[in-house]
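Peer 1: return atomic coordinates for the entry below.
(one chain, ligands or ions: 1)
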Amino acid sequence: MFATLSDRLTATFKSLRGKGRLSEADVDATIREIRRALLDADVALPVVKQFTARIRERTVGTEVSQALNPAQQVVKIVNEELIGILGGETRRLRFAKNPPTVIMLAGLQGAGKTTLAGKLGRWLREQGHTPLLVASDLQRPNAVTQLEVVGERAGVPVFAPERGVSEGQGVSGTSQGDPVQVARDGVAFARDKHHDVVIIDTAGRLGVDGELMQQAADIKAATSPDEVLFVVDAMIGQDAVTTAMAFMEGVGFTGVVLSKLDGDARGGAALSVVGVTGQPVMFASTGEKLEEFELFHPDRMASRILD
Ligand code: GDP
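Peer 2: Numbering: from 1, shown residues only. Sure thing, here's the model as predicted:
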């Protein structure tokens, strides 16, 4: 991830080094290069425009002209602006004052929601929480089983329709077949059994789909989640932006999870989704294994890009 973008920006800054002063032409050339590098990395055009405008505004100002080392100052500005478009400060999960905290996962099919449910569950359990996974993806025949497998590997119980909760504590199956009711029952079950966090896995299609979007909105309305995490495959490039916008409008979300950051994506999704939705990236998923998951730190990611 970001290897090409990183190389391109490094090369751009290298040609600035050693210059005592930066002429207007130097600044123009640098901004042009940054713009091209971002576009080639699949960053959405409006985000690129906004980003380069900010860089221009700051580089033509006194910040750079009065700096002892103008090139270094430009790098500093780009670093700060990169942190900004990656969401600024590290954004941590918001826990409910009155448990259970409800976290709903939304996104396209194959984005990595079910895997994330396991990762998040395991991560929370390791921090002393008592999470419960809720199987509200009833669209794919295999989805409930897949969540149960993930839950078992994560050491986190799964509330599913029909079968109740795994680990043999059966619940009456009133919610069979209705994902909204399963979600509602799952939250009630968690409250009853003192699970302090509920993670609701929801259905997705390969493309944005009105009916499923409505279902996700209904699940949200029925469970009033503390966090709605939009899970997006970093490999889908520019499509990440249109998908994110559709989910923002159709369901609404409070944070973004970038999955498959271990792939050779060019990084555009990561840099665009925050810019177009205004919601921060909270977690990064970096592999198929449950432990390949981390809190997303915009500053560390920016440093990696400008390394
Ligand atoms: P869902 O349809 O949104 O629930 O997506 P899944 O969780 O089923 O994931 C779809 C596929 O992507 C599965 O084969 C996962 O193993 C894989 N996957 C999920 N997250 C990651 C990740 O961070 N990196 C990689 N390489 N694969 C992932």
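Peer 1: Val256 belongs to a helix?
Peer 2: No - assigned with DSSP: H, G, I helix; E, B strand; the rest coil, Val256 falls outside any helix and is strand.
Peer 1: and it, what does it touch?
Peer 2: By Cβ atoms under 8 Å, 6 or more residues apart in numbering, the contact list for Val256 reads 229-232, 244, 273-274, 277, 279-282. For every residue, glycine as well, the C-beta is placed using N, CA and C.
Peer 1: as a markdown table, those with neighbour count would be great.
Peer 2: Putting the contacts of Val256 into a markdown table (neighbours: other Cβ atoms under 10 Å) gives the following:
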| residue | neighbour count |
| --- | --- |
| Leu229 | 25 |
| Phe230 | 29 |
| Val231 | 28 |
| Val232 | 28 |
| Ala244 | 24 |
| Val273 | 29 |
| Val274 | 24 |
| Thr277 | 19 |
| Gln279 | 20 |
| Pro280 | 18 |
| Val281 | 27 |
| Met282 | 20 |
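Peer 1: okay, and which of these map to strands?
Peer 2: Under the assignment DSSP state E, these contribute 229-232, 281-282 to strands.
Peer 1: identify the farthest-apart pair in the residues you listed.
Peer 2: Val232 and Met282 (11.9 Å; Cβ to Cβ).
Peer 1: what's the overlap in contacts for the two?
Peer 2: 256-257.
Peer 1: what sits closest to Glu81 if chain neighbours are left out?
Peer 2: Leaving aside its chain neighbours, Glu81 sits nearest to Arg54 (5.3 Å; criterion: Cβ to Cβ, 6 or more residues apart in numbering).
Peer 1: which stretches in the stretch 101-250 of the chain count as helices?
Peer 2: Secondary structure of the stretch 101-250 of the chain (DSSP state H, counting those that start in this stretch): helices located at 113-126, 143-154, 179-193, 210-223, 239-250.
Peer 1: those helices: which one's closest to Glu81?
Peer 2: Nearest of those to Glu81, taken as Cβ to Cβ: helix 239-250 at 18.8 Å.
Peer 1: what lies in contact with the closest one?
Peer 2: With Cβ under 8 Å, 6+ apart, helix 239-250 has contacts from 44, 106-108, 208, 210, 213-214, 216-217, 230, 232-234, 236, 253, 256, 268-269, 272-273, 276-277, 279.
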